[in-house]
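[1] the amino acid sequence is not available; the structure is as follows:
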């Protein structure tokens, strides 16, 4: 089944404790990105990657890092999480040849930073 | 400035009625795409419908149709014969520019509640 998976789905952590949210897709998509969703703000892009070893900042990159060593994986790293990073996070992927370049979203990771 | 505006934070509709969710957008790029996504209470993002800026006809997908008024820069989602399962958050999103630029810009969302 074609899908984007994220782990963990839920995470409660404390300020300053490094964490990684994994994202993996099995559709051989070149493009992957991370969004965060906050009430009243919709989804905002954090980072994106147009292919292996090619990453760039989105609209809200502060406090986050990413890497793209393999095509299928695009982990999101919070080196020193802070309470303002409490949010719902989505990983998404697309292929330049898919119909309408529809983005496929993962199930979401709900992160709480205390 | 907001690129995507959804002016209805919440809507309440009777089951079986049609509902229109508003979306206006702002871009100076002649090439863009407009998307609608549904987010049920379980949290996942479900793609509903797409409209390209050069598409001549309004997009339709089953009970969903997109009322695309290019001159007004609006892309309203119309759901016909609403069902209880349509209760969810709905997001309008836009992708600007060339094929390779895949960033989606989202509106704030509209929470739709279908009453039995």
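    Cool, the structure landed. Given the structure is predicted, the values throughout are model-derived calculations rather than measurements.
[2] so which elements touch the lowest-mean-pLDDT helix or strand in chain B?
    One helix or strand of chain B scores below all others by mean pLDDT, DSSP states H and E: strand B:104-106, with a mean of 91. In terms of contact count using 3 or more CB pairs under 8 Å, 6 or more residues apart in numbering or on different chains; DSSP states H and E, strand B:104-106 is assigned the packing partners strand A:42-51, strand B:88-96. In short, each C-beta sits where N, CA and C put it, glycine included.
[3] which of these is buried the deepest?
    Of all those, strand B:88-96 carries the top mean neighbour count, a mean of 23, counting by mean count of other CB atoms under 10 Å in any protein chain shown.
[4] contacts only, for the residue nearest in space to the middle of chain A.
    The structure's chain A has its C-alpha centroid closest to residue A:34; by CA atoms, centre = their mean the separation is 2.9 Å. Contact analysis of residue A:34 by CB atoms under 8 Å, 6 or more residues apart in numbering or on different chains lists A:23, A:45-48, A:58, A:64, A:66, A:74, A:76, A:89-92.
[5] from residue B:12, how far out is it?
    Applying CB to CB, to the nearest Å, one obtains 33 Å for the distance of residue A:34 from residue B:12.
[6] same question for residue B:35.
    The spacing between residue B:35 and residue B:12, counted by CB to CB, is 24 Å.
[7] same check, this time on residue A:32
    With distances taken as CB to CB, residue A:32 is found 37 Å from residue B:12.
[8] one step back: now, which of the contacts of residue A:34 lie close to chain B?
    The residues of those that also fall near chain B, by CB under 8 Å from any CB of the partner chain, are A:45, A:48, A:58, A:90, A:92.
[9] which residues does the residue nearest to residue A:85 when sequence neighbours are not counted bridge with?
    Taking CB to CB, 6 or more residues apart in numbering or on different chains, and ignoring the residues beside it in sequence, residue A:85 has residue A:113 as its nearest neighbour in space, at 5.4 Å. Here residue A:113 sits in beta bridges with residue A:13, going by DSSP bridges.
[10] residue contacts, residue A:113?
    Counting by CB under 8 Å, 6+ apart, residue A:113 makes contact with A:13, A:14, A:15, A:81, A:82, A:83, A:84, A:85, A:86.
[11] let me see the contact set for the fifth one.
    This means residue A:82. Residues in contact with residue A:82 (CB under 8 Å, 6+ apart) are A:15, A:16, A:63, A:113.
[12] any chance of these in TSV, plus secondary structure and pLDDT?
    As requested, the contacts of residue A:82 are exported to TSV (DSSP: H, G, I helix; E, B strand; the rest coil; pLDDT from 0 to 100):
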residue	secondary structure	pLDDT
A:15	coil	97
A:16	coil	96
A:63	coil	97
A:113	strand	97
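[13] who wins for most neighbours among those?
    For the contacts of residue A:82, the largest neighbour count, defined by other CB atoms under 10 Å in any protein chain shown, is 20 neighbours, found at residue A:113.
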